[in-house]
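Asker: Everything below, folded, please.
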Amino acid sequence: MRRFLFVFLLLSGLAPLSAQAASSAWEKDEDVSVRLISALEGTGTETRIPLGFEIKLAPGSHTYWRSPGEAGLPPQFDWLSSTTGGGNLLDARVLFPAPKRLSEQGIETFGYSGHVVLPIDAYLREPGKALIADAKLDLLVCSATCVPKRFSLRLALPEGDAIPGPEAPIIRKAQALVPSMERATVLSITGVERRANGIKITVAKQGAFNKPDLFVENAGNVVFAKPVLTLSDDKSTASFTLAPQEAAPENVSLTTLPLTVTVIDGDQAIERTLDGSFYSQTNKTGSFLFFFVLAVLGGFILNLTPCVLPVLSLKILGIINHGGGKKRAVRRSFLTTAAGILFSFLLLAGAAIGLKATGQAIGWGMQFQQPVFLVFLILILTFFAANLWGFYEIVLPRFLADRAGRSFHPKLAGDFASGAFATLLATPCTVPFLGTAIGFALAAGPMEILAVFAALGLGMALPYLGIAAWPRLAMALPRPGKWMIRLKHILGWALALTVAWLISVLMLQISFASALKIAGGIIILILMLFLQRRELFRRFSRMIIAVIVLFSFGIVFSSESPHDSPSVNNGWHKFDEASIIRFVNEGKIVFVDITASWCVNCKVNQRFALSHENVIARLFYSPDVIAMQGDWTNPDPVITKFLRSHGRYGIPFNVVFGPKAPQGIILPELITPGRVIEALDNAR
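Answerer: The predicted structure is shown next:
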């Protein structure tokens with residue numbers, strides 16, 4: 001009986017210990033209590049462990065946010081013993097929930113009172129191994145007086161299943177309070193007006209504002225006074241007017257100063273980095289018109305990108321066919337192509353609205369991350385190329401032709417399809433103005449998405465609409481002749497080179513052997529298209545063509561998962577968002593390049609900017625510069641989240657972090673060596 005009682009008491013004593021295994025002991029004094037908690041009971045195979053500093057402040061006491069305002073000190077964290085010893089901690093990134101404004105005797109500060117949890121993303125050096133998190137936390141706690149306090153906290157997380165612990169709901173709730181562009185479904189920044197002596201920021205809300213507030217951070221050491229708030233009549237739009245308390249430093253201009261803006265209203269909070277290119281008008285209608293115009297310009301520039309060249313070559317052929325033709329036929333042809341472009345952009349808008357409504361990650365050109373989509377494009381381009389080489393002609397089946405009768409115009413159907421195809425090929429390219437317009441639309445509501453995508457389609461269709469308005473431009477060309485056959489062959493080879501490029505992209509998304517099989521199938525497909533002109537081969541060649549098409553899609557569906565990109569490539573470090581904070585804290589500059597093998601503009605930046613000798617010298621031979629490269633060829637939720645946190649939904653994306661720019665200096669879509677070097681200097 002005594003033995004049973006002893007075992008019972010022992011188990012009873014251990015039960016509460018196991019429940020507390022995912023937290024440290026409380027460190028307390030009369031003003032504040034602090035502990036370190038974990039959302040998981042074990043490390044499992046995770047590379048990132050959600051932790052949190054749980055802080056309970058006595059009534060009347062407060063502490064500070066990462067940017068304290070006019071007074072105070074931000075929290076300080078020291079993980080040195082865990083990262084350099086046997087703690088298995090690679091890095092820890094502390095996140096900050098939205099703060100409250102604390103006004104005392106005319107001094108504006110930002111911080112927390114009562115109960116707050118600071119979420120932590122803890123990255124393990126060796127996944128699967130135990131984690132020993134030793135943290136030193138410095139807080140400035142203020143009531144009648146301000147007293148600095150240091151807490152030494154220790155949490156041991158064993159190996160084992162990564163099941164949620166009792167503190168998991170606490171950390172999840174705190175993570176939901178961290179401002180992020182990913183939650184920009186209710187609040188959205190719709191306008192920024194910059195002047196030499198002040199800045200006006202306009203924010204829209206789906207519904208009425210209650211008690212909105214705005215906090216501004218910058219690397220120019222400019223301290224802004226409390227913003228002046230103006231609400232619209234229906235309280236759905238809030239305008240914040242900011243003025244610096246003192247004159248800005250001589251080398252700082254408010255018209256170009258990058259800002260990190262945090263907007264809160266109750267439990268809703270968003271954060272966005274605004275660079276000098278983020279301009280708009282002072283009202284909601286004006287700001288919408290601004291982004292509409294940007295979208296039209298961006299869509300027009302898409303016609304000049306290499307992405308659209310394959311279809312543009314076909315349209316050039318179409319223009320030549322109109323040489324000496326009739327105005328009506330020319331006008332009808334180009335209006336139909338423009339309709340195909342507009343229709344396709346509206347389809348993309350519908351898909352974006354649907355994906356956003358279901359909470360899916362969305363971005364410009366993301367369909368090129370899907371091998372099935374690439375195979376579809378490869379097959380379509382192959383058929384187009386074979387058609388230009390004269391291997392076959394596209395003829396409507398007899399039963400469809402009989403039903404369509406005179407109302408069917410195969411030429412118009414081809415014109416419409418060429419417009420839709422041009423839109424598909426344009427999506428991996430991000431050009432000036434397009435990224436800003438897309439970012440505004442995807443962060444806003446369905447109507448904005450629909451309008452901006454329609455504007456993109458209008459911009460891309462402008463050249464076709466122009467020829468439809470002045471058909472003599474096409475009619476003035478020489479009449480078709482034998483010279484046109486040679487031109488068709490040349491354009492066919494241009495499409496074939498595009499197919500080869502897409503296959504090289506496919507090799508990075510599926511196994512090399514699988515991509516090689518598809519390439520072999522494409523060669524056989526071209527041969528069968530050539531042979532089907534002969535009566536002897538026509539019947540079985542069509543059957544083989546159908547088999548190759550099915551075979552290509554079957555290879556993709558049965559292929560292995562994409563392999564990981566190399567950690568280092570020609571001096572580039574593999575993208576690691578957690579390491580950026582550590583490098584910046586060490587006084588280093590981090591240049592981040594997010595690229596993809598299907599992104600043509602990324603290749604342009606690499607060739608003409610990042611390969612410049614002066615840029616290479618700064619990125620790879622300066623001891624204080626770290627060059628990071630992220631590969632978005634395949635779906636990567638970490639990179640997608642990183643892009644969205646900076647208000648971007650497409651690539652190329654380049655940003656520079658440094659001691660003077662901890663929030664990052666975002667570069668334009670198309671960069672120059674001068675812009676890169678200037679950003680590196682400003683970040684230092």
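Asker: neighbouring contacts of the helix or strand containing residue 437?
Answerer: Assigned by DSSP states H and E, residue 437 belongs to helix 434-442. Residues outside helix 434-442 that contact it (C-beta atoms under 8 Å, 6 or more residues apart in numbering): 190, 277-278, 291-292, 294-295, 298-299, 301-302, 352, 356, 362-364, 430, 448-449, 451-453, 455-456, 647-650, 669. (C-beta placed from N, C-alpha, C; glycine too.)
Asker: How far away from the center of its chain is that helix?
Answerer: Offset of helix 434-442 from its chain centre (C-alpha atoms, centre = their mean, to the nearest Å): 11 Å.
Asker: That one - what's its average pLDDT?
Answerer: Throughout helix 434-442, pLDDT has a mean value of 72.
Asker: Extract the C-alpha set from it and format it as PDB.
Answerer: Extracted in PDB, the C-alpha atoms of helix 434-442 (Å, rounded to 0.1, in the frame of the first residue of the first chain):
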ATOM      1  CA  LEU A 434       2.900  46.900 -63.200                       C
ATOM      2  CA  GLY A 435       4.200  45.700 -59.800                       C
ATOM      3  CA  THR A 436       2.800  48.800 -58.000                       C
ATOM      4  CA  ALA A 437      -0.600  48.500 -59.700                       C
ATOM      5  CA  ILE A 438      -0.800  44.700 -59.000                       C
ATOM      6  CA  GLY A 439       0.200  45.200 -55.400                       C
ATOM      7  CA  PHE A 440      -2.500  47.800 -54.900                       C
ATOM      8  CA  ALA A 441      -5.200  45.600 -56.500                       C
ATOM      9  CA  LEU A 442      -4.400  42.400 -54.700                       C
END
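Asker: How much space separates residue 148 from residue 138?
Answerer: Going from residue 148 to residue 138 by C-beta to C-beta, to the nearest Å gives 7 Å.
Asker: who's more crowded, these two?
Answerer: Legend: neighbour count by other C-beta atoms under 10 Å for residue 148 and residue 138, higher for residue 138 (14 against 10).
Asker: what about that one, distance to residue 583?
Answerer: Residue 138 is 22 Å from residue 583, by C-beta to C-beta.
Asker: where are the low-confidence patches of the stretch 151-300 of the chain?
Answerer: 181-185, 275-288 (pLDDT under 70).
Asker: Try it again at 80.
Answerer: Confidence mapping of the stretch 151-300 of the chain against pLDDT under 80 gives the ranges 180-186, 190-191, 196, 219-221, 247-253, 255-256, 273-291.
Asker: Can you get me a residue count around the nearest residue to residue 653 once chain neighbours are set aside?
Answerer: Distance criterion C-beta to C-beta, 6 or more residues apart in numbering; nearest residue to residue 653, sequence neighbours excluded, is residue 594 at 4.2 Å. The tally of other residues near residue 594 (other C-beta under 10 Å) stands at 25.
Asker: what kind of secondary structure is residue 594 in?
Answerer: Put simply, residue 594 is strand when judged by DSSP: H, G, I helix; E, B strand; the rest coil.
Asker: How about it: which residues does it bridge to?
Answerer: residue 630, residue 653 (DSSP bridges).
Asker: Also residue 270?
Answerer: Assessed by DSSP bridges, residue 270 has beta-bridge partners residue 263.
Asker: pretty sure it contacts residue 187?
Answerer: Yes: assessed by C-beta atoms under 8 Å, residue 270 is found in contact with residue 187 at 4.8 Å.
Asker: Now the common contact residues for the two.
Answerer: residue 263.
Asker: Residue ranges of each domain in the chain, please.
Answerer: Listed domain ranges for the chain are 19-176, 181-282, 287-507, 568-683 (source: automatic domain parsing).
Asker: Tabulate those (JSON lines), appending distance to residue 524.
Answerer: Converted to JSON lines, these look like this (distance: least, C-beta to C-beta, whole Å):
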{"stretch": "domain 19-176", "distance to residue 524": "43"}
{"stretch": "domain 181-282", "distance to residue 524": "46"}
{"stretch": "domain 287-507", "distance to residue 524": "11"}
{"stretch": "domain 568-683", "distance to residue 524": "25"}
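Asker: Out of those domains, which gets nearest to residue 556?
Answerer: Ranking these by proximity to residue 556 (C-beta to C-beta) places domain 287-507 first, at 4.6 Å.
Asker: Tell me how far the nearest residue to residue 515 once chain neighbours are set aside lies from residue 597.
Answerer: Spatial nearest neighbour of residue 515, excluding adjacent residues (C-beta to C-beta, 6+ apart): residue 507 at 4.2 Å. Distance of residue 507 to residue 597, computed by C-beta to C-beta: 9 Å.
Asker: what's the answer for residue 346, then?
Answerer: 29 Å.
Asker: So between those two, which is more surrounded?
Answerer: Shown here are residue 346 and residue 597; by other C-beta under 10 Å, residue 597 has more neighbours (21 against 14).
Asker: Other residues contacting whichever helix or strand residue 616 is part of?
Answerer: Under the criterion of DSSP H and E, residue 616 resides in helix 613-621. Here helix 613-621 makes contact (C-beta under 8 Å, 6+ apart) with 571, 591, 609-610, 625, 627, 673, 676-677, 680.
Asker: Lowest-confidence one in these?
Answerer: residue 571 (78).
Asker: For it, which non-adjacent residue is closest in space?
Answerer: Residue 571 sits nearest to residue 620 (C-beta to C-beta, 6+ apart), 4.2 Å away.
Asker: Check what pLDDT that neighbour gets.
Answerer: Per-residue pLDDT puts residue 620 at 89.
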